[in-house]
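Novice: Dropping the sequence and predicted coords here.
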Amino acid sequence: MDVFEAIRRRKSVRAFLDRDVPDEMVLALLDAARLAPSASNRQEWRFVVVRDATLRKQLADAAGGQKSVGEAPVVLVCCAETNGHVMACGQLCYPIDVAIAIDHITLCATAEGLGTCWIGAFDESQVKESLGIPAEIRVVELLPLGWPRDASPVEKKRLALDDIVKYERWQ
């Protein structure tokens, strides 16, 4: 599958088969994240791979009871080890850089037939407590990962390019 097909097919998966994801596949996805670009090559992203059922249940609880978080065979807890560096444009580096790394993971996962779902609704302190993540580390997203129960494509409702693209100037 080429990258454009992966972009077209990627969807938020919230129901997973009870089937393990091989370590080699998880490591390949994490390597894709490692190869992502980052501001000033800071590479602030860090990942906790969670396979343990009890810990995944705790993560589901921290995510407001989202069952799919606990049912996925793997949850990648996407973090940042950061000093809070701000780019010249005024934006923090780490949320953007971690998001780029996560996007590499989601597209590669899609190409391999796996499903993911970005989870930003969670209690960071609860996640940190469950996984022993130090206070200075930021938890940016949770990423359940597994074989989708329904692998069929979904129609994406997106704005037209004319609605989102300006040329040369805003007006």
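Specialist: Sure, I can see it. Residues are numbered from 1 along each chain as shown.
Novice: name the helices or strands packed onto the longest helix along the chain?
Specialist: Longest helix in the chain, counting residues (DSSP state H): helix 93-111. Counting contacts by 3 or more C-beta pairs under 8 Å, 6 or more residues apart in numbering; DSSP states H and E, helix 93-111 packs against helix 3-9, helix 23-34, strand 45-50, strand 74-81, strand 115-116, strand 137-146. C-beta: built from backbone N, CA, C; applies to glycine.
Novice: could I get these as JSON lines with mean pLDDT?
Specialist: Converted to JSON lines, the helices and strands packed on helix 93-111 look like this (pLDDT from 0 to 100):
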{"stretch": "helix 3-9", "mean pLDDT": "95"}
{"stretch": "helix 23-34", "mean pLDDT": "98"}
{"stretch": "strand 45-50", "mean pLDDT": "98"}
{"stretch": "strand 74-81", "mean pLDDT": "98"}
{"stretch": "strand 115-116", "mean pLDDT": "98"}
{"stretch": "strand 137-146", "mean pLDDT": "98"}
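Novice: for Ala62, what are its contacts?
Specialist: Phe122, Asp123, Gln126, Val127, Ser130 (C-beta atoms under 8 Å, 6 or more residues apart in numbering).
Novice: Report how many residues lie close to the second one.
Specialist: It stands for Asp123. Counted with other C-beta atoms under 10 Å, the neighbours of Asp123 add up to 14.
Novice: related to what we said a few turns ago, touching the longest helix of the chain from outside, list them.
Specialist: So helix 93-111 is contacted by 1, 3, 5-7, 9-10, 28-30, 32-40, 42-45, 76, 78-80, 82, 84-87, 115-116, 118, 138, 140-141, 143, 145 (C-beta under 8 Å, 6+ apart).
Novice: if we can go back for a sec, columns mean neighbour count on top of the helices and strands packed on helix 93-111, output as JSON lines?
Specialist: Below are the helices and strands packed on helix 93-111 laid out as JSON lines (neighbours: other C-beta atoms under 10 Å):
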{"stretch": "helix 3-9", "mean neighbour count": "13"}
{"stretch": "helix 23-34", "mean neighbour count": "16"}
{"stretch": "strand 45-50", "mean neighbour count": "20"}
{"stretch": "strand 74-81", "mean neighbour count": "22"}
{"stretch": "strand 115-116", "mean neighbour count": "26"}
{"stretch": "strand 137-146", "mean neighbour count": "23"}
